[in-house]
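> Next comes the sequence, and after it the predicted model I'd like to discuss.
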Amino acid sequence: MSHIIFILTRQCSDHIVVPNVNSNGKDAGLKYCKFFCFVGFLASGAVEVQPSINPAAVGQTVTLSLSASLRSGTWAVGESLILTWLGNQQAVFPSHSGRASVNVHTGDLTLSSVTVDDSGVYVVQSSDPQLKANASITVLEPISNVTLSVHQTELMEFNSSAELTCSVSSGSSFSYLWMNGSSEVSATGRLQLTDGGSTLAVVNVTRYDQGPFRCCVFNPVSNSSSDSYKCLFRCMSRFPDGPDNMALTVNGQNTTSFSAGSNLTILCSSQSDPPAQLQWAFRGELVNVTGPLLELSHVSEDQSGPYSCLAFNNYTNMHDNITTHIMIASECVTIVVTTSMFLHMFFLMCSVSNGSSLSFEWLDGNSTVTAGGQVLLSNGNATLTILNVTHHYQGPFRCKVSNGISHEISAPVHLNISYGPSNTTMMITPMKDTYKTGSKITLSCSAESSPPAMIKWIVDGVYLNQSGPQLQLENVTQGNSGHYTCVLHNTVTSRFTMHFSFLLIDPITAVVVKPTSGPAMLHEPFTLQCEVAGSADTILWWMDGQPISADNATVFGMNNKTLTLNSVQPSDNGHYKCQAFNSVSNMTSSPYTVNVIYGPEMPTITGPTAVKTGDNVTLSCYASSNPPSHYKWYFNGSLVSNMSEYITPHLPKETVRKYICMAFNNVTGQNSSAYIMLTVVAPDNLATEGNSYNLTCNVTGPADHVYWMKNGELLHENNRTVFSMDNKTVSFIPLNHYDTGDYQCMAVNAVGNMTSPLHMLLVNFGPETPIIQVPAVAETGGYVVFNCSAMSVPPSHFSWWYNGSMVANTSVFKAGPLSLNMTGEYTCMAYNNVTGKNSTNSAMLTVIEAIESVMVQNSTTPINNENFTLTCDVGGPYDTIYWMKDNMKLNMTNPHSSYHIEKNMLHFTPVTTYNDGSYQCVATNQAAQHENGPLSVTISGPDSAELGTSGVSLTCSADSRPECHFYWFLNNQSNPLTNGPVITFSVTKESEGTYICKARNPVTNITMYQSKTFAVSGDEKANYLFIAMLVLFFMLNTINISK
């Protein structure tokens, strides 16, 4: 395809002679016509010449089509004209007569029966419009009759080369492709392509050059293949090789062992071309037998030996051989094993009554015995010797004899070897470091011994009247602690051995937290001590249910037995517990309350700072202090009240009064003071928010300028604050409660300036919307406190309303005991008696049914490694429950835990000693959360009795379900005086002191303590102490009065 190019040039003309061809294609004579030649042509990029076939095969028809129609022009190939046309007339030149034609409407050229000579560049020229274009076509001769020939006929493997030639009878511009089977052959290694690819040479042929080989010839218009040449190897007239791959078989079997008297046929085979000559040999000597077979009849034992087959190829001059060993033997009959022992050596000997070519093998059980270490094999493996025999060589031993054609195994022989005792072990069940009182412990002793050893038991060096492998200890106490030894004796070997272990029975029986000094004073060190009855491996401390960790302010000492707060802070207030652990028990103390003594801090005074004349005000003073402070109020140096709240008398007109509050802590001995300034203003000067209000500066003498100040800062005019009358009047339009403050005016002239005294402007306002503090949900039977406050000057009066009725006239309203019908909206009203305004706000209280009780129950006793269930019995509706162990929430996500929750039950599957601890069930609703008991422990009984009184009883009770177990202690003794809820004693000097009741829930293991001090009233020392305290009391009172 080519583009037609237009070029503007001059036009020339000439006369040529063109054969006059009529419609029948015959020559009608010569005719002159005017031929236009173009020196140049116009260019156009819109017309193309497109051959219908390119390249084309000889004999095909090719059409050269134009992309634009031409009404006149000429076609030429190279320098030769083909035809010319004008309108509907065309003239074909003799060179293409009968084979070329033009479509006079479009200008397309058609060539029929093309030949190779028709290849070339075809050019079309036109004068209307002026253009010239060309396109090249190629005509190829199709390929035919492809043949493959091989030149060599005599080939030697590895030493000869083969040459295959591909030939074509007709075709042009063709290429060659060689195929080996389905794979293309490329010129690499031993394969070479020459003569333009028509010849394939295979160098150093092998038997694996089998083909089939095929030659493919192709050009752009055709392709053809030769017939397949099957393989070089099979098609060569001679291809000698071998011998190799030799094989021998005897009687067609894989075995080479045969019984005497058998007939044998030995077959020899090999790969060889031409076939190899075969010769036989026995024991290295040639025998007079050739060919592939060697036959032996009625063989005897002396015919055992190596048989060889020798192969020779007289064409390749190569030879090979193969040898097999054939055994001819008699069968085994009877095997006898005899034993003997010398010192520590043991001998086993194996003999056979009949048989030949014997092979011996020893078996220990099902394992083959090999020589090495303490084992020796001799006499052709017929004798087994064991040096330094041990009990590991008991057998059973057997002798296996074989000779290739048969085998026999002897009867088993057992060796009776006395040994031990050795490798002594003692097992204790259950295995622990320490054990709880009442536990059952089993000690088991064992050793390797034959005959079995006799076993006796020793505790702390004393023999027990008990023998045997086990020692049972039932219901153990601390007295069972000690060193336990088992002694083992073998009466045959006369050997002894022993093993010992130590048992410790030591449960924790009591845990108490005590201070080591006086009360906790602010910024001073304070130490708590955890006293444990029993051995404790670990001690943990808790504050308000949270674990305590050491830091700069908190220090543990004496293996965590002491907790020291280096500098006590108010945040250290709380309930402290210590928890002691050992491997058999754990116990948590009752809480010890740390109440930090401090203060008083700077008092805070609440009350108005300005009132109108004739009113009285209430001033309240509060200072943070523990214990609570005592308060005194002073005015002009005189004591006016000794209460925290002081109500002033009716106040005189227009005065400023200073009231001082002093707070005093009689434990710390410290005091702190604060004061309040109270301004009394005339009633007609009352300012109310929202109204207009004027302040006037009265100046005596000339004033050039007047300035106003508020709280010491220059007052500026704005949209509500307006100056007039030369700044002598300031107007507030309207008044806002933020305008409250101390105002002054300053008059200035050329001589000096003067400032007025302070004038207190108190703006009355409010009340604003009250703020209510109250819980949203509360339980029946309980109480709630409503607290209402509102911004207001003077302070508002408050009232509470419920269902349209007033229920309280104070800011604080306590409602209860609550019932379900007390659910509703409670409204607080604040009223300012100066502004005459009131404001209200409401809060919704929802009363729900209370959780009356939470108890933990169990139906079975917890036994180690058995399933166990705790049930949370909740009295009343609840939303959720959760479980706690040792005051910490139970972790239900631990993948190694053996417990799970189902509704209100905690299942242990199974329960183990790891689960020991105090369990609590917590039931929650929208208002509160409730834990199971014991909720409280109380002691009832007399506080004192006369010396010598008999039958005094103290009773301990606890709110608990199930009932608690009770234990009584005196003065923190480690061992209880008695068990049970009641303790009865006679009054002696020794019975005086602090009685402690320990209550423990047997299901949850929660333990609480309560104490009661008992005094002996007939004791002289007690009387003297009472009199001395009485005298001291009167002296202190006398001193206070004199002050």
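It's in. Numbers count the residues shown, from 1 in each chain.

> just the helices in the protein please.
With helices called from DSSP state H, the chain shows them at 232-235, 1020-1042.

> what's the least confident stretch among those helices?
For these, mean pLDDT drops lowest on helix 1020-1042, to a mean of 40.

> Which residues are in contact with the closest residue in space to Y743 that isn't next to it in sequence?
The shortest distance from Y743 to any non-neighbouring residue, by CB to CB, 6 or more residues apart in numbering, is to H759 (4.9 Å). Bear in mind the C-beta positions are built from the backbone N, C-alpha and C, glycine included. Listed by CB atoms under 8 Å, 6 or more residues apart in numbering, the contact set of H759 reads 695, 742-744.

> Next, find the distance separating H759 from D726.
19 Å (CB to CB, to the nearest Å).

> do V77 as well
V77 is 123 Å from D726, by CB to CB.

> Looking at these two, which is more packed in?
Comparing V77 with D726 by other CB atoms under 10 Å, the one with more neighbours is V77, at 22 against 12.

> thought that one was touching V114?
No: using CB atoms under 8 Å, V77 makes no contact with V114, being 11.0 Å away.

> which stretches of the stretch 351-500 of the chain have low pLDDT?
The stretch 351-500 of the chain contains residues with pLDDT under 70 at 404, 500.

> give me that answer again for 50
Under the criterion pLDDT under 50, no range of the stretch 351-500 of the chain is flagged.

> Report how many residues lie close to E163.
Neighbours of E163 (other CB under 10 Å): 15.

> My guess is it contacts S149. True?
No: between E163 and S149 there is no contact under CB under 8 Å: 9.2 Å.

> How about S161, nearest residue that isn't a chain neighbour?
Ranked by CB to CB, 6+ apart and with sequence neighbours excluded, the top spatial neighbour of S161 is V203, at 4.7 Å.

> Same question for N263.
That would be S297: by CB to CB, 6+ apart, it lies 5.1 Å from N263.

> And stretch 798-805, what's buried?
The neighbour-count check on stretch 798-805 (16 or more other CB atoms under 10 Å) flags 798-802 as buried.

> need the strands for the stretch 401-550 of the chain, in chain order.
407-409, 419-429, 441-450, 454-459, 462-467, 470-473, 482-490, 495-503, 510-515, 526-533, 538-543, 546-547 (DSSP state E, counting those that start in this stretch).

> would CSV of those with distance to K658 and mean neighbour count be doable?
Shown next, in CSV, are those (distance: least, CB to CB, whole Å; neighbours: other CB atoms under 10 Å):
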stretch, distance to K658, mean neighbour count
strand 407-409, 124, 15
strand 419-429, 83, 16
strand 441-450, 81, 19
strand 454-459, 86, 18
strand 462-467, 89, 10
strand 470-473, 83, 16
strand 482-490, 81, 20
strand 495-503, 79, 15
strand 510-515, 44, 19
strand 526-533, 40, 20
strand 538-543, 44, 18
strand 546-547, 47, 11
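
> closest one to S673 among the ones you listed?
strand 526-533 (28.3 Å; CB to CB).
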